[in-house]
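Asks: Would you be able to build a 3D model of this:
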Amino acid sequence: MPLANSRNSRIFVALRNGASPSGKAAGFGSAMRWFESSRPSRRSFAQGNVNSEIKIVAGRSNREIAEKIARATHRDLAQVTIANFSDGELWVKYEENVRGVDLYIVQSTFAPSDTLMELLLLIDAARRASARRITAVMPYFGYARQDRKDQPRVAITAKLVANLLTQAGADRVITMDLHTPQLQGFFDIPLDHLYSSTVSVGELQKLGMTNLAVASPDVGGVKTARAYAKMLGDADLVVVDKRRPAHNVAEVMNIIGDVRGKNLVIVDDLIDTGSTFVKCTEALKAQGAETIVGVCTHPVFSGKAVEKIGACEALTKLFVTDTIPLRTEHEKIEVVSVAGLFAEAIIRTHENQSISSLFEKAQS
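Replies: All right, here's what the predicted structure looks like:
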């Protein structure tokens with residue numbers, strides 16, 4: 001009992017002198033809470049700083065466009081080593097200091113899936129090396145077509161990829177012509193969505209085509225086709241109604257709009273096997289269209305896509321961008337570089353400037 005009284009007496013004296021019951025100095029708890037709340041989180045550190053150095057690094061999927069982007073920003077690519085072990089596992093290492101750097105990792109994630117894994121490793125290595133901000137520059141965002149449950153018991157892989165990028169440590173994503181713009185909502189980090197129409201329209205205008213109409217190969221691409229039509233002088237809009245009985249198989253059902261005697265521009269975000277694009281082109285030609293030119297942002301070109309496009313007599317020319325390197329070249333296919341657009345977006349992001357002017361016309 002005396003021991004308990006002695007302890008209570010000490011507590012009373014401490015309280016009278018301004019200490020807490022735990023024996024800590026007065027105000028210690030509030031001071032500690034202030035310190036914790038004032039500590040900058042990783043996200044606040046990652047907001048970017050114009051005084052920090054900017055570095056651009058390339059994965060192996062599309063080094064050519066990364067080199068063009070770096071040249072456009074008057075920089076050399078940062079040195080990184082990427083290798084495969086004999087069992088196929090990936091290994092990455094930054095060969096120069098990236099601590100405190102505003103880092104931009106350029107990597108398109110087309111098949112095989114190693115390109116995505118490589119990007120995740122590059123992000124993780126940069127985070128562990130204390131890069132100030134990590135931006136994934138993805139000219140082509142793979143798995144974007146798997147954006148919903150169109151059948152029972154299927155994965156929404158586009159959302160999974162967005163989660164992987166965030167968990168790996170990416171602070172921001174810059175990409176181009178997503179399969180559906182709504183994919184931006186899958187990300188819990190900032191995403192800048194660029195549009196290739198900014199450069200593609202200029203190439204179309206050089207052709208000097210008149211009596212023009214812009215065609216969308218499916219209902220989902222109507223908004224993009226309308227934007228092209230507006231930028232090409234309020235051209236007419238045509239929609240090809242099709243259905244897909246199976247993966248990579250399409251059947252043209254109806255053509256909405258008058259194409260007889262008109263020159264057409266078919267606009268699509270990507271071409272995979274080429275079957276859908278060729279069928280749309282032939283159907284439009286059969287309805288009386290004159291010259292037909294195609295515009296495609298992402299030339300996936302799997303299987304015999306290039307051969308199908310080359311053999312399509314209804315098609316005069318196809319413009320594609322360099323978001324994915326061409327595996328096979330053809331005289332009908334012309335590549336338009338979008339590296340300058342990505343370079344401008346990178347510079348503006350680094351300097352905390354708006355990049356809306358790079359795509360506001362394409363969204364209208």
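
Asks: which ones are touching the residue nearest to Leu160 when sequence neighbours are not counted?
Replies: Closest residue to Leu160 apart from its sequence neighbours, by Cβ to Cβ, 6 or more residues apart in numbering: Tyr143 at 7.8 Å. All C-beta atoms are positioned from the backbone trio N, CA, C, and that covers glycine. Neighbour list for Tyr143: 109, 116, 157-158, 160-161 [criterion: Cβ atoms under 8 Å, 6 or more residues apart in numbering].

Asks: my read is Tyr143 is in a helix, agree?
Replies: No - if the criterion is DSSP: H, G, I helix; E, B strand; the rest coil, then Tyr143 is coil and not within a helix.

Asks: distance of it from Val293?
Replies: Applying Cβ to Cβ, to the nearest Å, the value for Tyr143 to Val293 is 29 Å.

Asks: next one: Val214
Replies: 10 Å.

Asks: higher neighbour count, those two?
Replies: A count of neighbours by other Cβ atoms under 10 Å puts Val214 above the other of Val214 and Val293, at 25 against 21.

Asks: Mind listing the residues bridging to the more buried one?
Replies: Leu237, Val265 (DSSP bridges).

Asks: pLDDT wise, what is it at?
Replies: At Val214, the predicted lDDT confidence score is 97.

Asks: before we move on, what about Arg128?
Replies: Reading off the confidence values, Arg128 has pLDDT 98.

Asks: Over to the one 5 residues further on?
Replies: Model confidence at Arg133, given as pLDDT, is 98.

Asks: Could you count how many residues lie near it?
Replies: For Arg133, the neighbour count with other Cβ under 10 Å is 24.

Asks: about what we covered before: which of the contacts of Tyr143 are buried?
Replies: Buried subset of the contacts of Tyr143 (neighbour count, 16 or more other Cβ atoms under 10 Å): 109, 116, 158, 161.

Asks: Show me where the stretch 251-364 of the chain dips below the pLDDT cut-off.
Replies: Applying pLDDT under 70 to the stretch 251-364 of the chain picks out residues 251-253, 359-364.

Asks: which residues do Val214 and Val293 both contact?
Replies: Counting by Cβ under 8 Å, 6+ apart, the residues touching both Val214 and Val293 are 264-266.

Asks: on that earlier part again, quick check: the residue nearest to Leu160 vs Phe186, distance?
Replies: Tyr143 is 11 Å from Phe186, where distance means Cβ to Cβ.

Asks: Could you identify which of the shared contacts of Val214 and Val293 has the most neighbours?
Replies: Taking other Cβ under 10 Å as the neighbour criterion, Leu264 ranks highest of these with 29 neighbours.

Asks: need the contact list for that residue.
Replies: Contact analysis of Leu264 by Cβ under 8 Å, 6+ apart lists 212-215, 238, 284, 289-293.

Asks: So which of these wins on neighbours?
Replies: With neighbours taken as other Cβ under 10 Å, the top of the contacts of Leu264 is Ala215, carrying 31 neighbours.

Asks: List the residues that contact the closest residue to that one other than its chain neighbours.
Replies: Distances taken as Cβ to Cβ, 6+ apart place Val238 nearest to Ala215, at 4.1 Å, with adjacent residues excluded. Shown in contact with Val238 (Cβ under 8 Å, 6+ apart): 213-216, 225, 255-259, 264, 284.

Asks: what's the closest of those to Leu232?
Replies: Set against Leu232, the nearest of these by Cβ to Cβ is Val214 (6.6 Å).

Asks: the helices in the stretch 101-250 of the chain, which residues?
Replies: With helices called from DSSP state H, counting those that start in this stretch, the stretch 101-250 of the chain shows them at 114-128, 157-168, 197-206, 222-231.

Asks: Adding distance to Leu341, write these out as TSV.
Replies: What follows is the helices of the stretch 101-250 of the chain, written out as TSV (distance: least, Cβ to Cβ, whole Å):
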stretch	distance to Leu341
helix 114-128	20
helix 157-168	21
helix 197-206	6
helix 222-231	15
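
Asks: Can you tell me which of these is nearest to Pro190?
Replies: Of the helices of the stretch 101-250 of the chain, nearest to Pro190 by Cβ to Cβ is helix 157-168, at 10.9 Å.

Asks: pLDDT on the closest one, on average?
Replies: Mean pLDDT, helix 157-168: 97.

Asks: what about dumping the CA coordinates of it to CSV?
Replies: Written as CSV, here are the backbone C-alpha positions of helix 157-168 (Å, rounded to 0.1, in the frame of the first residue of the first chain):
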residue,chain,number,x,y,z
THR,A,157,-6.8,-6.9,-67.1
ALA,A,158,-6.6,-3.2,-67.9
LYS,A,159,-7.5,-2.4,-64.2
LEU,A,160,-5.0,-4.9,-63.0
VAL,A,161,-2.2,-3.3,-65.1
ALA,A,162,-3.1,0.1,-63.7
ASN,A,163,-2.9,-1.3,-60.1
LEU,A,164,0.5,-2.9,-60.9
LEU,A,165,2.0,0.3,-62.1
THR,A,166,0.8,2.2,-59.1
GLN,A,167,2.0,-0.4,-56.6
ALA,A,168,5.3,-0.7,-58.3
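
Asks: I'd like to check what contacts that helix. Which residues are they?
Replies: 109, 116, 119-120, 123-124, 127, 136, 141-147, 173, 183, 186-189.

Asks: Can I get the buried part of those residues as one ChimeraX selection?
Replies: Selection of buried members from the contacts of helix 157-168 for ChimeraX, criterion 16+ other Cβ under 10 Å:
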select :109,116,119,120,123,124,127,136,141,142,143,144,145,146,147,173,183,186,187,189
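
Asks: before we move on, back to that, pick out whichever of the contacts of Leu264 sits closest to Gly88.
Replies: Gly88 has its nearest neighbour among those in Val293, at 41.7 Å by Cβ to Cβ.
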